[in-house]
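Trainee: Fold the following.
(2 chains)
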Amino acid sequence: MTCESLSSVAGAYLDDELDAGLNVQVREHLAACESCAKVQNQLLALRAAIRDNAPYYRAPADLSHRVRTAVRRAERQSGGAWRWLAVAAAMLLAVSLGWNIALFRSRTSGADSIAQDVLSSHVRSLMGTHLLDMPSSDQHTVKPWFNGKLDFSPDVRDFAVQGFPLIGGRVDYVDGRPVAALVYQGRRHVINLFTWPAAASGGDTELVRNGYHIVHWNRAGMAWWAVSDLNAAELRKFEYLYNK
Amino acid sequence: MEAAKRLLFETTILPHLNAAYNLARWLTRNEHDAEDIVQEAYMRAFRFFDSFQGGDGRSWLLAVVRNTCLTWRRREQGMAKVPFDEGVHSPGDLAADAETRLVEQARFGNVRDCMEALPLEFREVLVMRELEEMPYRDISAVTSLPIGTVMSRLSRARRRLQDCVTGRIKGDAQ
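Mentor: As a prediction, the model looks like this:
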């Protein structure tokens, strides 16, 4: 690889968008070529500078409420002439959905329905209403908070140093029972870690549903389910830290 | 029916409110416009939700937000004949020591100003890539640009940003 051809893919290399073969060629060239390595380091520095200084603007607290109201308004407006057609279509859809769900149910195991529960809880928690009952980054505050709210005491750890700070906890419902939900942050993503006492059934699992990654493991008589839109590798790293 | 549609909408699209707001905020550079745009975009998104084929809800929503921004911007421009992007800060000629200072001091406090000053087409890809951490495929879905174009636009955006940051540092030192 020449310096010139490297410069045309330097950004894509930084963004991890090259295929494996090209990736190796770039890495080898950078290891051998000081001037290209310098340029690549500038790109890295620029990225760090952007992420440190350019703000990620979070939606103001009341915007979520206003958006919901707007959606309801759009929902009402969408009635009218199309309504009857929509009713007919919806009935057809309901029949076909019912059929598919029946088919699906008959094939799914308990783990699948738990994964579904875990995912719904995660999504609900992000919808701005109920992420944390107990906001705290201190594991020694979060753990005792569960006393009296659950019939078990979850193992609460903090991985702030490793890039996954604990931000709090809440009580949630999964698989028809109250469970502890521990909430972590991984870069800009939220990780919900659900745990409750359960006999180990099946091995570790890793799933992708609706773009969310779900990782499941059993340890010390407890079931653990981590879910996030963080990428799979980072979520596995999180799991690894928990089990170390 | 409508309620089922809303439920699906609420689980696939509503959770991306922060992403929607962040993009709108960067594109308009104004918090009030961004809020209005996000509201309008969500209404549009709900109306056109039937065209959502599943897949990545965030990209789909951001495409709607982006279109709403572009419409908004055309309307604003129609009213006041002022160009939206009032030019990019001139990078100035880049002295070697300024570049060194860039690396050494790493005083990047003006990164935000420089990003705001970038033309829209560069600003949007940088925001999606660096702040939203989206893969090229998703950026391509939002902007309807081919992946190769996303790649080259990002690379030009980075170069312009680097030039601006470096130029500013030199300016500050004088």
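
Trainee: Going by C-alpha atoms from here, please, whenever you check contacts or count neighbours.
Mentor: OK.

Trainee: residues touching the residue nearest the centre of chain B, list them.
Mentor: The centroid of chain B falls nearest to residue B:124 when counting by C-alpha atoms, centre = their mean (2.7 Å). Residues in contact with residue B:124 (C-alpha atoms under 8 Å, 6 or more residues apart in numbering or on different chains) are B:23, B:26, B:27.

Trainee: ditto for residue A:155
Mentor: The contact partners of residue A:155, by C-alpha under 8 Å, 6+ apart, come to residue A:143.

Trainee: Kindly recompute the last result at 10 Å.
Mentor: Going by C-alpha atoms under 10 Å, 6 or more residues apart in numbering or on different chains, residue A:155 touches A:139, A:142, A:143, A:180, A:182, A:195, A:222, A:242.

Trainee: same question, residue B:145
Mentor: Residue B:145 touches B:136, B:137, B:139, B:151, B:153, counting by C-alpha under 10 Å, 6+ apart.

Trainee: chain center to the host helix or strand of the fourth one: distance?
Mentor: Read it as residue B:151. Per DSSP states H and E: residue B:151 is located in helix B:147-173. Chain-centre distance of helix B:147-173: 15 Å, with C-alpha atoms, centre = their mean, to the nearest Å.

Trainee: model confidence over that helix, on average?
Mentor: In this model, helix B:147-173 has an average pLDDT of 81.

Trainee: helices and strands around that helix, which ones?
Mentor: Helices and strands touching helix B:147-173, by 3 or more C-alpha pairs under 10 Å, 6 or more residues apart in numbering or on different chains; DSSP states H and E, are helix A:3-14, helix A:34-53, helix B:96-105, helix B:111-117, helix B:120-126, helix B:136-143.

Trainee: so, in contact with chain B or not, the second one?
Mentor: Yes - using C-alpha under 10 Å from any C-alpha of the partner chain, helix A:34-53 comes into contact with chain B via A:41, A:42, A:43, A:45, A:46, A:47, A:48, A:49, A:50, A:51, A:52, A:53.

Trainee: and the fifth one, how many neighbours?
Mentor: Residues near residue A:46, counting by other C-alpha atoms under 10 Å in any protein chain shown, number 22.

Trainee: Against residue B:23, how distant is it?
Mentor: Per C-alpha to C-alpha, to the nearest Å, residue A:46 is found 20 Å from residue B:23.

Trainee: buried residues in the helix holding residue B:151?
Mentor: By 16 or more other C-alpha atoms under 10 Å in any protein chain shown, the buried positions in helix B:147-173 come out as B:147, B:150-151, B:153-155, B:157-158, B:160-170.

Trainee: and if you look at stretch A:228-244?
Mentor: Under 16+ other C-alpha under 10 Å, the buried positions of stretch A:228-244 are A:228, A:229, A:230, A:232, A:235, A:236, A:238, A:239.
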